[in-house]
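Chemist: Mind folding the following:
(one chain, ligands or ions: 2)
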Amino acid sequence: MTDLLLAIDQGTTSTRAILHGPDLAPRASAQLPLAQHFPAPGWVEHEPEEIFAATLATMRDALAQGGASAADLAGIGITNQRETTVLWDRRSGRAIHRAIVWQDRRTAAHCARLAAEGAGALIAERSGLLPDPYFSATKLAWLLENVGGARAAAERGDLAFGTIDSFLLWRLTGGRVHATDATNAARTMLFDIRRGCWDQDLLKLFGIPEALLPEVRDNACEFGSTEPGLLGVAVPVRGMAGDQHAAMLGQACFAPGMVKSTYGTGCFLLLNTGDVAVPSQNRLLTTLAWQLGGQRTYALEGAIFIAGAAVQWLRDGLGIIKDAAESGRLAAQADPAQGVYFVPAFTGLGAPHWDAEARGAILGLTRNTGPAEICRAALEAVAFQTRDLVEAMQADWGARGGATVLRVDGGMTASDYAMQALADLLGAPVDRPVVQETTALGAAYLAGLQAGLLPPPGPAVAHWRLDRRFQPAMPRAEADRRHAGWQDAVRRVLT
Ligand SMILES: Nc1ncnc2c1ncn2[C@@H]1O[C@H](COP(=O)(O)OP(=O)(O)O)[C@@H](O)[C@H]1O
Ligand SMILES: O=P(O)(O)OC[C@H](O)CO
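Modeler: Ligands and ions are numbered 1, 2, ... in the order given. The predicted model follows:
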C-alpha cells in the first residue's frame, strides 16, 4: 500500500524523520544532532552538506525502522527551522557559504540603520515583520556583500537562495525544483503576505536580485519527486511548511483564536487570526498560518529566541546539570524564598522587546543561591516570556475572543515542572497533546492532505488528543508579583 507519510523535521539542533501511518499515527523515527558553529560572538552557522546528509540518513533509517520502503510512501512532508539562509550554486547544488542561522545577529547594525532610516513601516506593511537580524533578508544581503564574487554570480542567475526547505527540495529533486512554500517565504522579509508574492520594494530595499528567489507555492501541492537513486524509487514531496506553521496544523489550531506554543531551542507562540492579517500594536509579528488552495490563513506570532537553549547552557556551559531532565528535578528543590531571575538574552531579546544588542543576566543572587535556584529561574524564564507574549496578543486580538487554553509542544514540554510553572505564572490551563512531535505531524498532515488521504483543516481532522492538562495552582497575586520581578529584571538588560 502506498499510504505511508514521511515527515522530515529539519530543526535548529537536530534533523528528524518520522514515518506516519495514513491515520497520522507515528510509526518509526530517526534523529541526528546538528553541529552548531559560532565563528564570532553572536554569529551562528550550520553546514548545509551536513543538513542534507542527515536528512537522507534519517529518512532511510525511519523507513528501515518502520519496516517500510520508499515504495510504500504516499508522500513526503518537509518542515524546517525557518529564516535560516542558504545561498547555493545552481550547477553544483553546493552552498557557497555555511547557512546563516535564524539566531545569528551579525546584521544587527544593518537592521538598526534600516530602523533609523524609517524603513520599519514599509517592512511591517508588506511583510508583517520588523527590522531584526532574525529574518532572512539581511542575512542574504550579508552573503551577497561578503562572499567573493557572490553578487556578480547572483546577477548572472548562477546562484539560488532558499531557506532550508528550498535547499532540501533542490537537493532531493536533483536540482530540478527551486521552490518554497508561502509560510517560509513569509519569514524572509521579502514577501508581501497580503498579496502572496515577492515584493519589489523590499527586494530593492535589501538589494536582492529577483533571479535568486524560489517560486512560492501552497503548503500542500506537488513540489516534485525525489531522485530515484536517493531512496530507491521516486517519491513525491507533497507538503512543506515552516516548523511553527506545521506545528499549528499538528496542534489542530484550525479555528481563529486558537493558540499553540512550541518550546524547542526557542519558543514560538502563534495565534490563528483566520483570513485577516492583523497588524500588531505590540511588536508581535503578523505572519501566515498556512496557504491552501491559494487561500491564506494568517497568524499573530510571538518569537522568543531562547527557551530550551537555556537548559542546554545549564548543561554544556555551566555544567550544573548532566541532562535536560535534571533541570526540573533540581528546580523542584529550589528555595521558594529566593527571588532569582534569569534573563536568557544570549542572542538579544525577541518579541515584544526586539533588542538585538541585549545580553543575558542572572539577578537576585545571594550566598544561598545554588544550582537549584538557577535551574528554577531558567525554567521560569520561559513561562515569564510566554506571559509577556500572551499579554501582547490579548492586547492585539483581545475582544475577538477565542481559546483560553495554551496548546504546547516541543522538546521542553517533556518537563512537567516547566509546564506547571507555565500554567501557574500564566494563570491559564496548558494542554500537552499525546503526540508531542506536532511539527512532524503537521508536515505529514500536509503530505496526506495533498495525497487525498486526509480532509482539509477542520473538525473532520482528528489527530489531536490530550495527554495532560496543567491547571494553574499559584494564587494570582503571587504570579503577578513574580512577573513584576521578571519585568524589572528584563528592564535591566535592555540597551
Ligand atoms: N526534560 C526537559 N526539561 C527541560 N528542557 C528540556 C527537557 N527535554 C528537552 N529539553 C530542551 O528541549 C530542547 C529540544 O527541543 P526540540 O523540540 O528537539 O528542539 P529544536 O527543534 O529546536 O531542535 C533542548 O533545548 C532541551 O534543552
Ligand atoms: O528549530 P526550532 O524548532 O528551534 O525552530 C526554529 C524556528 O523556526 C525559528 O524561527
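Chemist: How about E357: what's its closest non-neighbour residue?
Modeler: T495 (4.4 Å; C-beta to C-beta, 6 or more residues apart in numbering). From N, CA and C alone the C-beta is placed, and that goes for glycine too.
Chemist: count of neighbours near the one you found?
Modeler: Residues within reach of T495, counting by other C-beta atoms under 10 Å, total 11.
Chemist: Isn't it up against H353?
Modeler: No: with contact defined as C-beta atoms under 8 Å, T495 does not reach H353; the gap is 9.9 Å.
Chemist: quick revisit: tell me the contacts of the residue nearest to E357?
Modeler: Applying C-beta atoms under 8 Å, 6 or more residues apart in numbering, we find T495 in contact with 355, 357-358.
Chemist: So which of those residues sits lowest on pLDDT?
Modeler: On pLDDT alone, E357 ranks lowest of those, at 82.
Chemist: quick one, phi/psi of that residue?
Modeler: phi -100, psi -10 (degrees, to the nearest 10).
Chemist: Verify the stated contact: it with A108.
Modeler: Yes: counting by C-beta under 8 Å, A108 is a contact partner of E357 at 6.4 Å.
Chemist: Neighbour count for those two, which is higher?
Modeler: A108 (18 against 15).
Chemist: pLDDT score for the more buried one?
Modeler: 92.
Chemist: picking up where we left off before, now, among the contacts of T495, which is nearest to ligand 1?
Modeler: A358 (20.1 Å; C-beta to the nearest ligand atom).
Chemist: The closest one and R491 touch, don't they?
Modeler: No: A358 lies out of contact with R491 (C-beta under 8 Å); the separation is 10.5 Å.
Chemist: follow-up on the earlier one: got the contacts of T495 as JSON lines, with distance to ligand 2 columns?
Modeler: Below are the contacts of T495 laid out as JSON lines (distance: C-beta to the nearest ligand atom, whole Å):
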{"residue": "D355", "distance to ligand 2": "17"}
{"residue": "E357", "distance to ligand 2": "20"}
{"residue": "A358", "distance to ligand 2": "18"}
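Chemist: Reformat those residues as CSV; add distance to G452.
Modeler: Putting the contacts of T495 into CSV (distance: C-beta to C-beta, whole Å) gives the following:
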residue, distance to G452
D355, 47
E357, 50
A358, 48
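Chemist: picking that back up, what's the overlap in contacts for E357 and A108?
Modeler: G348.
Chemist: So in the protein, which helix runs the longest?
Modeler: helix 371-397 (DSSP state H).
Chemist: What is that one packed up against?
Modeler: strand 259-263, strand 267-274, strand 295-304, helix 308-313, helix 324-331, strand 341-343, helix 416-426, helix 476-493 (3 or more C-beta pairs under 8 Å, 6 or more residues apart in numbering; DSSP states H and E).
Chemist: Direction included, what does the next helix or strand after it pair against?
Modeler: Counting by DSSP states H and E, the element after helix 371-397 in chain order, helix or strand, is strand 406-409. Within its sheet, and counting by DSSP bridges, strand 406-409 is paired with strand 259-263 (parallel), strand 430-433 (parallel).
Chemist: any residues touching the first one, and which ones?
Modeler: Translated: strand 259-263. 243-244, 247-248, 251, 253, 267-272, 307-308, 382, 386, 390, 393, 402-403, 405-413, 418, 438-439.
Chemist: ok, and of those residues, which contact ligand 2?
Modeler: 243-244 (C-beta under 6 Å from any ligand atom).
Chemist: Pull out the buried residues from the contacts of strand 259-263.
Modeler: With burial judged by 16 or more other C-beta atoms under 10 Å, the buried subset of those is 243-244, 247-248, 251, 253, 267-272, 307-308, 382, 386, 390, 393, 402-403, 406-413, 418, 438-439.
Chemist: Please list which of those residues are also close to ligand 1.
Modeler: Okay, of the buried ones among the contacts of strand 259-263 touching ligand 1 (C-beta under 6 Å from any ligand atom), that's 308, 410-412, 418.
Chemist: closest to ligand 2 among those?
Modeler: Ligand 2 lies nearest to G410 out of those, by C-beta to the nearest ligand atom, at 6.6 Å.
Chemist: what residues are up against that closest one?
Modeler: Contacts for G410 (C-beta under 8 Å, 6+ apart) come out as 247, 262-264, 267, 307-308, 436, 439.
Chemist: Quick one: end-to-end distance for stretch 345-355.
Modeler: End-to-end distance of stretch 345-355: 9 Å, with C-alpha to C-alpha, to the nearest Å as the criterion.
Chemist: typo on my end, stretch 3-17
Modeler: Length of stretch 3-17, first residue to last, C-alpha to C-alpha: 16 Å.
Chemist: what's the answer for stretch 223-243, then?
Modeler: Start-to-end, stretch 223-243 (C-alpha to C-alpha) is 17 Å.
Chemist: Also stretch 461-479?
Modeler: End-to-end distance (C-alpha to C-alpha), stretch 461-479: 36 Å.
Chemist: what does it rub up against?
Modeler: Contact partners of stretch 461-479, identified using C-beta under 8 Å, 6+ apart, comprise 23-24, 250-252, 254, 405, 416, 419-420, 422-436, 441, 445, 454-455.
Chemist: taking the mean pLDDT, what do you get for it?
Modeler: 90.
Chemist: How about stretch 441-454?
Modeler: According to the model, stretch 441-454 has a mean pLDDT of 96.
Chemist: and that stretch, does that touch ligand 1?
Modeler: No: on the criterion C-beta under 6 Å from any ligand atom, stretch 441-454 is out of touch with ligand 1, staying 12.8 Å away.
Chemist: That stretch near ligand 2 at all?
Modeler: No: for stretch 441-454, no contact with ligand 2 is found by C-beta under 6 Å from any ligand atom; the gap never falls below 12.1 Å.
Chemist: Return that stretch as PDB; C-alpha atoms alone will do.
Modeler: Taking C-alpha atoms only, stretch 441-454 is exported to PDB below (Å, rounded to 0.1, in the frame of the first residue of the first chain):
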ATOM      1  CA  LEU A 441       2.700  15.700  12.400                       C
ATOM      2  CA  GLY A 442       1.800  18.900  10.600                       C
ATOM      3  CA  ALA A 443       4.200  18.100   7.800                       C
ATOM      4  CA  ALA A 444       2.800  14.600   7.400                       C
ATOM      5  CA  TYR A 445      -0.700  16.000   7.500                       C
ATOM      6  CA  LEU A 446       0.100  18.300   4.600                       C
ATOM      7  CA  ALA A 447       1.500  15.500   2.500                       C
ATOM      8  CA  GLY A 448      -1.500  13.300   3.400                       C
ATOM      9  CA  LEU A 449      -3.900  16.200   2.500                       C
ATOM     10  CA  GLN A 450      -2.300  16.500  -0.900                       C
ATOM     11  CA  ALA A 451      -2.300  12.800  -1.400                       C
ATOM     12  CA  GLY A 452      -6.100  12.800  -0.800                       C
ATOM     13  CA  LEU A 453      -5.800  10.600   2.300                       C
ATOM     14  CA  LEU A 454      -6.800  13.300   4.800                       C
END
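Chemist: unless I'm mixing things up, R359 is touching V493, no?
Modeler: Yes: with contact defined as C-beta under 8 Å, R359 counts as touching V493 (6.5 Å).
Chemist: who has more neighbours, A358 and R491?
Modeler: Using other C-beta under 10 Å as the criterion, A358 and R491 rank with A358 on top: 20 against 10.
Chemist: From A112, how far out is that one?
Modeler: 13 Å (C-beta to C-beta, to the nearest Å).
Chemist: Much appreciated, bye for now.
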